[in-house]
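S.K.: Coordinates for the following, if possible.
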Amino acid sequence: MKKHLLHILIVLAIAITLVQCAKRGSPTGGPIDEKPPIILRAYPDNYTRNFKNQIIEIQFDEFVTLKDLQKQLVISPPLKTRPIITPQGSPAKKITIQITDTLMDNTTYVLNFGQSIVDNNEGNAYPFYKYVFSTGKVIDSLTLKGKITDALEFEAEEFVNVLLYEFDEKYTDSIIYKESPRYVLNTLDSLSTFTMENLKEGTYKMVALKEENSDLRFDPLRDKMGFVSETIKVPSDEVYELKMYQQELDPSIKKITQEAESRLYIGYTGNVENLKITSVDKSLIAQSRLTQLDKADTLQYWYRPALKQDSLMLSSVLNEEVQEFKVRLKELKKDSLTLRKENDFSLRNPARFTASTPMEKIDTSFIKLIDKDSLQLSFTTRLDRLKNRGIIDFERKEEQKYNLRLFPGAVTDFYGEKNSDTLSYTFSTVKSTQLGNFSITLKGGSSFPVIIQVTKKDLSIEAQVSASENGTYDIFYLNPGEYYIRVIYDTNANGKYDPGNFLKGIQPEEVVYNPELIKLQANWDRKYTLNLK
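M.R.: Residues are numbered from 1 along each chain as shown. Just a heads-up that it's a prediction; the model follows:
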């Protein structure tokens, strides 16, 4: 037993000694390799003319991998089927490109690898390697420059596809929805300026797409886009600007479903402010109302009287387009009237409330508004029928507490019902010295109206005011924070920013920014001048 134990101890001692020796002999490391891989040769040679091959090989001095190839690799003109490229996943000293598509005659092709080629050890990129070949006798060498901006925001997005379509007798504007362009470039994650290279002389239409699926087709539901209004003749020394915007969808009614006994949901896209809905059988529905659901793409259609049949045929008229819908009806619960307060009261905002059914009338004799001293205050009321919102406005004072009560009978709804419960809520204001103000002066403007917007850092709108001429405009009672100021040229005078529309040839409304992030502190009055020249 003692001999066995002694044997184990000797073995352990030898093992420990070997480990320590191994540690003492292990390398401590050297300088980090920061050099990108080097191309030793390409076959066929880069910039080959009369290209006939199906296989391209690129040899490196070290093992490389392909990183984020689907996003980084841009082929121009686009191929219908992407080539098979190896290595994928495992390192190799050679990149092999197998072309599986039929190449066009007398065409210069460019394969731009972006920053996808990296060495296997340190991940050093061979930046923007470009393999160029021509199926004809000439390598096209003309260039075109441009820049990507955002119509509404400060910074342009990354990885934007810039597309050139040949402007010939076959061209129609609908081509962006269904065909690949002649040339494509991706800005990748570089600066917003770009240069398209290896172009052929000709006339083109330029479009930019920020895509989700990179199929080089415009999907207005998901993609942002920008375009140059005029056609472009190559060669050109001009730098073309593409302002990116999210295009408003075409007005359309998608579906109509029943949600309650006498209430339907109408799913839609685009601007439907001119929508008219009627029953095909005029005798069925005596009256109806439309209200906006909280979701931006759904309206509520209220009607009376309630129907006992199993379906209803409705006719919609939207921008002179007529559609008919058959709505399945079933026995559902009847909506009842309840009131709910909104919580955005402040020195800038009046008291507001909503209802579960469309409000038809407000009876002020059943409403009482008092301050913290129990003094009864005078007020005015109005209805926002589309949003189904009641608004109670009055002179608001700082550092004051208010109580508002809507007694039974204060509101009558579309069905003739009155509220049976009392809505009572208390709200208060702060000292004006806890808030800040902006005084914004416009000068040099020659095109009005404009919209002055104060936005938060994330560009959400905090406050806005319309301006019809040069002058000073005040925006009071803002919470302390950091803000941007921008001005929108309200070309169609509808009180809101409007994006562009490619098929109609309309560019997005122009936006002028003050690029400075402005710090507004409590009890500050900040003065700013914007020159609109």
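
S.K.: any idea which helix or strand comes after the helix or strand bottoming out on mean pLDDT in the chain?
M.R.: Across the helices and strands of the chain, mean confidence by mean pLDDT, DSSP states H and E is lowest for helix 2-25: a mean of 43. Next along the chain after helix 2-25, taking DSSP states H and E as the criterion, comes strand 39-43.

S.K.: Please spell out which residues along the very next helix or strand once past that next one are buried.
M.R.: Later in the chain than strand 39-43, the nearest helix or strand by DSSP H and E is strand 55-66. The neighbour-count check on strand 55-66 (16 or more other CB atoms under 10 Å) flags 56, 58, 60, 62, 64, 65, 66 as buried. C-beta coordinates here come from the backbone N, C-alpha and C atoms, glycine included.

S.K.: Stretch 239-252 now?
M.R.: Counting neighbours by 16+ other CB under 10 Å, stretch 239-252 gives 240, 242, 243, 244, 245, 246, 247, 251 as buried.

S.K.: With pLDDT and distance to residue 103 as extra columns, can I get those residues in TSV?
M.R.: Listed next are these as TSV, based on pLDDT from 0 to 100; distance: CB to CB, whole Å:
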residue	pLDDT	distance to residue 103
240	98	28
242	97	29
243	97	35
244	97	32
245	97	35
246	96	36
247	95	34
251	93	43
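
S.K.: Tell me the one of those nearest residue 155?
M.R.: Residue 155 lies nearest to residue 244 out of these, by CB to CB, at 10.4 Å.

S.K.: Would you tell me what helix or strand that closest one is located in?
M.R.: Here residue 244 is assigned to strand 239-244, by DSSP H and E.

S.K.: So which residues make contact with the helix or strand following that strand?
M.R.: Using DSSP H and E, the helix or strand that follows strand 239-244 in sequence is strand 252-260. Contacts with strand 252-260, where a contact means CB atoms under 8 Å, 6 or more residues apart in numbering, come from 264-270, 272, 275, 300-301, 314, 316, 318, 323, 325, 327-330, 332-335.

S.K.: Can you flag the buried ones in those residues?
M.R.: Buried residues within those, counting neighbours by 16+ other CB under 10 Å: 264-266, 268-270, 272, 275, 300-301, 314, 316, 318, 325, 327, 329, 335.

S.K.: give me the low-pLDDT residue ranges for the stretch 201-350 of the chain?
M.R.: For the stretch 201-350 of the chain, no stretch has pLDDT under 70.

S.K.: got the residue ranges for the strands in it?
M.R.: Per DSSP state E, counting those that start in this stretch, the stretch 201-350 of the chain carries strands over the ranges 202-210, 224-227, 232-234, 239-244, 252-260, 263-269, 276-279, 287-292, 298-304, 311-318, 321-328, 339-341.

S.K.: The fifth one pairs with which strands?
M.R.: Strand 252-260 has the following strand partners under DSSP bridges: strand 263-269 (antiparallel).

S.K.: can I get the CA coordinates of the partner strand in PDB?
M.R.: Taking C-alpha atoms only, strand 263-269 is exported to PDB below (Å, rounded to 0.1, in the frame of the first residue of the first chain):
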ATOM      1  CA  ARG A 263     -69.100  48.700 -35.300                       C
ATOM      2  CA  LEU A 264     -66.700  47.700 -38.000                       C
ATOM      3  CA  TYR A 265     -62.900  47.900 -38.400                       C
ATOM      4  CA  ILE A 266     -61.600  49.300 -41.700                       C
ATOM      5  CA  GLY A 267     -57.900  48.500 -42.400                       C
ATOM      6  CA  TYR A 268     -56.300  50.900 -44.900                       C
ATOM      7  CA  THR A 269     -53.100  52.300 -46.200                       C
END
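
S.K.: what angle do it and strand 287-292 make?
M.R.: For strand 263-269 against strand 287-292, the angle by axes from the mean of the first three to the mean of the last three CA atoms, to 10 degrees is 50 degrees.

S.K.: Now find how far off-centre strand 263-269 is within its chain.
M.R.: Centroid displacement of strand 263-269 relative to its chain, using CA atoms, centre = their mean, to the nearest Å, is 23 Å.

S.K.: And stretch 349-365, by the same measure?
M.R.: Counting by CA atoms, centre = their mean, stretch 349-365 comes out at 34 Å from the chain centroid.

S.K.: Do I have it right that residue 510 meets residue 489?
M.R.: Yes: with contact defined as CB atoms under 8 Å, residue 510 reaches residue 489; the gap is 4.4 Å.

S.K.: ok, which stretches of this structure are helices?
M.R.: 2-25, 69-72, 175-178 (DSSP state H).

S.K.: Now the last one: buried residues?
M.R.: Neighbour counts using 16+ other CB under 10 Å place 175, 176 of helix 175-178 among the buried residues.

S.K.: Report the separation between residue 438 and residue 349.
M.R.: Taking CB to CB, to the nearest Å as the criterion, residue 438 is separated from residue 349 by 17 Å.

S.K.: Could you do residue 493 as well?
M.R.: The gap separating residue 493 from residue 349 is 25 Å, by CB to CB.

S.K.: Equivalent analysis for residue 210, please.
M.R.: 35 Å.

S.K.: who has more neighbours, those two?
M.R.: Here residue 210 and residue 349 are set side by side on neighbour count (other CB atoms under 10 Å), and the busier one is residue 210, at 21 against 14.

S.K.: contacting residues for residue 401?
M.R.: Contact partners of residue 401, counting by CB under 8 Å, 6+ apart, are 371, 372, 426, 427, 428.

S.K.: Domains in the protein, by residue range?
M.R.: Segmentation of the chain into domains, based on automatic domain parsing, reads 39-134, 142-244, 252-328, 339-430, 433-531.

S.K.: picking up where we left off before, nearest to residue 98, of the strands of the stretch 201-350 of the chain?
M.R.: When these are compared by CB to CB, strand 202-210 sits nearest residue 98, at 27.6 Å.

S.K.: Leaving aside the residues adjacent along the chain, what's closest to residue 175?
M.R.: The shortest distance from residue 175 to any non-neighbouring residue, by CB to CB, 6 or more residues apart in numbering, is to residue 165 (5.7 Å).

S.K.: With residue 418 as the reference, measure out to that neighbour.
M.R.: From residue 165 to residue 418 the distance is 62 Å (CB to CB).

S.K.: higher neighbour count, those two?
M.R.: residue 165 (22 against 14).

S.K.: For the more buried one, give me its contacts.
M.R.: Shown in contact with residue 165 (CB under 8 Å, 6+ apart): 171, 175, 176, 179, 181, 182, 204, 205, 207.

S.K.: Buried ones among these?
M.R.: By 16+ other CB under 10 Å, the contacts of residue 165 give 175, 176, 181, 182, 204, 205, 207 as buried.

S.K.: Please identify which of those residues is nearest to residue 470.
M.R.: Nearest to residue 470 among the buried ones among the contacts of residue 165, with distances taken as CB to CB, is residue 207, at 36.1 Å.

S.K.: circling back: export the buried residues of strand 55-66 to a markdown table and append columns for distance to residue 367.
M.R.: Formatted as a markdown table, the buried residues of strand 55-66 follow (distance: CB to CB, whole Å):
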| residue | distance to residue 367 |
| --- | --- |
| 56 | 79 |
| 58 | 79 |
| 60 | 79 |
| 62 | 80 |
| 64 | 75 |
| 65 | 71 |
| 66 | 70 |
